[in-house]
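[1] Below are the sequence and a predicted model for it; my questions follow.
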Amino acid sequence: MKIHTQWQRHVEVWRESGLSQADYCRQQGLNSKTLSAWARRALPLDEEAPLEVIALQVTPSASTAIADANVILRLAHGAQLELSTAVPPRWLAELLRCLA
């Protein structure tokens, strides 16, 4: 298998895994900078796919203190954003508009 084909396959598997690039690379013994470069140039994200915002309600479990609760947003390209549940919804909406 050619090198570029191997990296394209790694990018596909990583995107489907739901893992961050760093976690995927640790599991596979890969250089995360190399995977990142291949993800940017070899397999661009579908530019035509519309952004989608879904409503959700966060209800902490009895064993989780409200002050310690977090929401993790994972994006298709592997970035992840961890926020406190105390973040105001309007602030989060503005952040999502800026990222779009």
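    Okay, I see it.
[2] Quick check: next helix or strand after the longest helix along the chain?
    Identified as the longest helix of the chain according to DSSP state H is helix 3-17. Counting by DSSP states H and E, the element after helix 3-17 in chain order, helix or strand, is helix 21-28.
[3] Quick one: list the elements packing against that following helix.
    Here helix 21-28 touches helix 3-17, helix 32-41, going by 3 or more Cβ pairs under 8 Å, 6 or more residues apart in numbering; DSSP states H and E. Bear in mind the C-beta positions are built from the backbone N, C-alpha and C, glycine included.
[4] can you list these in CSV and add distance to His77?
    Output for the helices and strands packed on helix 21-28, formatted as CSV (distance: least, Cβ to Cβ, whole Å):
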stretch, distance to His77
helix 3-17, 8
helix 32-41, 7
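[5] Could you point out which of those helices sits nearest Arg74?
    helix 3-17 (10.5 Å; Cβ to Cβ).
[6] Render the CA-only coordinates of the closest one in CSV, please.
    What follows is the C-alpha trace of helix 3-17 in CSV, where atoms were taken according to Å, rounded to 0.1, in the frame of the first residue of the first chain:
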residue,chain,number,x,y,z
ILE,A,3,2.2,5.9,1.9
HIS,A,4,-0.5,8.4,0.9
THR,A,5,-3.1,5.7,0.7
GLN,A,6,-2.2,4.5,4.2
TRP,A,7,-2.5,8.1,5.6
GLN,A,8,-5.8,8.7,3.8
ARG,A,9,-7.1,5.5,5.5
HIS,A,10,-5.8,6.7,8.9
VAL,A,11,-7.6,10.0,8.4
GLU,A,12,-10.9,8.2,7.5
VAL,A,13,-10.6,5.8,10.5
TRP,A,14,-9.8,8.7,12.8
ARG,A,15,-12.7,10.8,11.6
GLU,A,16,-15.1,7.9,12.2
SER,A,17,-13.6,7.1,15.6
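[7] Check what pLDDT Leu81 gets.
    Here, the pLDDT recorded for Leu81 equals 80.
[8] quick one: it and Ala37, what's the gap?
    From Leu81 across to Ala37, the span is 22 Å (Cβ to Cβ, to the nearest Å).
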